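**Q** I would like to see how this sequence folds:
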Amino acid sequence: MTDPTPKTPVLNDIYARIQDDLDRVERLLQDMGRSRNALVSEINGYLFQKGGKRVRPALLILSAKLHGFSGDDHIFWSALVEVIHTASLIHDDIIDQADRRRGRDTVHARWGSNITVLLGDYLYIRAIQQALQTRRMEIIDIMADVTARMIEGELLECSVSGDPDLDEDTYFKILELKTAALFSAACRIGGILGGAGKADVDRLGAFGTNIGLAFQIADDLLDFTGDASSLGKPVLSDLREGRTTLPIILALRTLQGQARDDFRRLILDRPSDPASLGRIRDITAAQGALEEAARTGARYSAAAKAYLDGYAPSIEVETLRRIGDFVLERTR
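**A** Residues are numbered from 1 along each chain as shown. Below is the predicted model:
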């Protein structure tokens, strides 16, 4: 079967053993997007027409299979996790006034912010509604908790938007809530489906948290090192949207005196002209901040993989480890 999602050759290779499951998730997402409301169906069709990397569903599927799961429930829960992720992206793009994502217009750029806010809310509520019908309260608790945590992270990020003096602790708190929490939830849900005990579910959750942190640090680095054609959005978008990410935090830590004041002022201006953006990127690189951020991401990836050490060798363990490597090595 042809993979309906635009992934890199590396990711296609990593997913080879679970591609049939991911294809089923893709079809279910399309089914879930259909509605008696023509506008909802139209927008959902656009949203789920071509998916992203589907890392979260892959983690859930692998975590379930790691503990011997056999059945179909993992498809349903993987799709719900992806719906929650998609809803969070919709809200992110509205708040950031981002016009492009994955090389396409964002939903709010095409349909307007008012409709898009409602659609994001609808997706959240619909996901929880469908989860409730299963009566799997242990998993429903995880879904409800992660949804609240992600919104809390968005609110925290909004509260520090444009602040060049953002401290590292707050930065990582935002990452933990907005990104890593859903990675962790996906792994925990997979473990529960597989019948894992509490210790193993917690271990999978910690694996997911660290993978999520590594993933987001890599994403923040790509904002500096990537190019618009591969990213599907302009470079240094985070800066222009008011987000202070780890490379900026690390660069400001090493700069001193007037040089630090000038760089801080440049950040505050949120420039969009190529010359100023190039200067910010050059100064950040010259301070060694990009290399230090990459090392930080690598530490989280290594910490994640260490949580797999207690498992016997298997296809699932190998694939989870490869995902840990991929989140650092990806180019988009």
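**Q** element containing the closest residue in space to Val146 that isn't next to it in sequence, please.
**A** Leaving aside its chain neighbours, Val146 sits nearest to Ala185 (4.1 Å; criterion: CB to CB, 6 or more residues apart in numbering). (Glycine included, C-beta is placed from N, CA and C.) Per DSSP states H and E: Ala185 is located in helix 181-193.
**Q** next, the angle helix 181-193 makes with the next helix or strand after that helix.
**A** Using DSSP H and E, the helix or strand that follows helix 181-193 in sequence is helix 198-225. Relative orientation of helix 198-225 versus helix 181-193 (axes from the mean of the first three to the mean of the last three CA atoms, to 10 degrees): 150 degrees.
**Q** would you map the strands across the stretch 1-150 of the chain?
**A** 100-101, 104-105 (DSSP state E, counting those that start in this stretch).
**Q** immediately after the helix or strand of the chain with the lowest mean pLDDT, which helix or strand?
**A** One helix or strand of the chain scores below all others by mean pLDDT, DSSP states H and E: helix 228-231, with a mean of 60. Later in the chain than helix 228-231, the nearest helix or strand by DSSP H and E is helix 237-240.
**Q** put the alpha carbons of that following helix into PDB.
**A** Only the C-alpha atoms of helix 237-240 are listed here, as PDB (Å, rounded to 0.1, in the frame of the first residue of the first chain):
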ATOM      1  CA  SER A 237       9.600  32.000  12.400                       C
ATOM      2  CA  ASP A 238       9.800  31.400  16.100                       C
ATOM      3  CA  LEU A 239      11.600  34.700  16.600                       C
ATOM      4  CA  ARG A 240       9.200  36.600  14.500                       C
END
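**Q** not counting that helix itself, show me its contacts.
**A** 96, 98, 220, 223, 234, 245, 248, 267, 270-272, 277, 280 (CB atoms under 8 Å, 6 or more residues apart in numbering).
**Q** please repeat the previous calculation with a cut-off of 7 Å.
**A** The contact list for helix 237-240, computed with CB atoms under 7 Å, 6 or more residues apart in numbering, reads 98, 220, 223, 245, 267, 270, 272, 280.
**Q** ok, now how distant is the first one from His108?
**A** This points to Ala98. In this view, Ala98 and His108 are 8 Å apart by CB to CB, to the nearest Å.
**Q** what touches both of these two?
**A** Counting by CB under 7 Å, 6+ apart, nothing touches both Ala98 and His108.
**Q** more neighbours, the two?
**A** Using other CB atoms under 10 Å, the more surrounded residue of Ala98 and His108 is His108, with 23 against 19.
**Q** low pLDDT regions in the stretch 1-150 of the chain?
**A** 1-9, 50-51, 102-103 (pLDDT under 70).
**Q** show me how far stretch 244-257 is from its chain's centre.
**A** 24 Å (CA atoms, centre = their mean, to the nearest Å).
**Q** hmm, who's touching that stretch?
**A** Counting by CB under 7 Å, 6+ apart, 163-164, 166, 168, 171, 217, 220-221, 223-224, 238, 260, 263-264, 267, 283-284, 287, 289-290, 292-293, 296 sit against stretch 244-257.
**Q** out of these, which sit inside strands?
**A** Counting by DSSP state E, no part of the contacts of stretch 244-257 is found in strands.
**Q** mark which of the residues you listed are buried, thanks.
**A** Among those, the ones that count as buried by 16 or more other CB atoms under 10 Å are 164, 166, 171, 217, 220-221, 223-224, 238, 263-264, 267, 283-284, 287, 289-290, 292-293, 296.
**Q** mind listing what's buried in stretch 120-134?
**A** Buried positions in stretch 120-134, judged by neighbour count with 16+ other CB under 10 Å: 120, 122-124, 126-128, 130-131.
**Q** out of the residues you listed, the closest to Val83 would be?
**A** Val83 has its nearest neighbour among the buried residues of stretch 120-134 in Ala127, at 4.6 Å by CB to CB.
**Q** which ones are touching the closest one?
**A** Contact analysis of Ala127 by CB under 7 Å, 6+ apart lists 80, 83-84.
**Q** go again with 10 Å.
**A** By CB atoms under 10 Å, 6 or more residues apart in numbering, Ala127 lies in contact with 32, 79-87, 143-144, 147.
**Q** which of the residues you listed are buried, as a ChimeraX select command?
**A** Provided next is the ChimeraX selection string for whichever of these are buried by 16+ other CB under 10 Å:
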select :32,79,80,81,82,83,84,85,86,87,143,147
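**Q** sorry, back to before: redo the buried residues of stretch 120-134 as CSV? Include distance to Thr179.
**A** Formatted as CSV, the buried residues of stretch 120-134 follow (distance: CB to CB, whole Å):
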residue, distance to Thr179
Gly120, 17
Tyr122, 22
Leu123, 18
Tyr124, 17
Arg126, 22
Ala127, 18
Ile128, 20
Gln130, 23
Ala131, 21
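**Q** out of these, which are inside helices?
**A** Among the buried residues of stretch 120-134, the members falling in helices are 120, 122-124, 126-128, 130-131 (criterion: DSSP state H).
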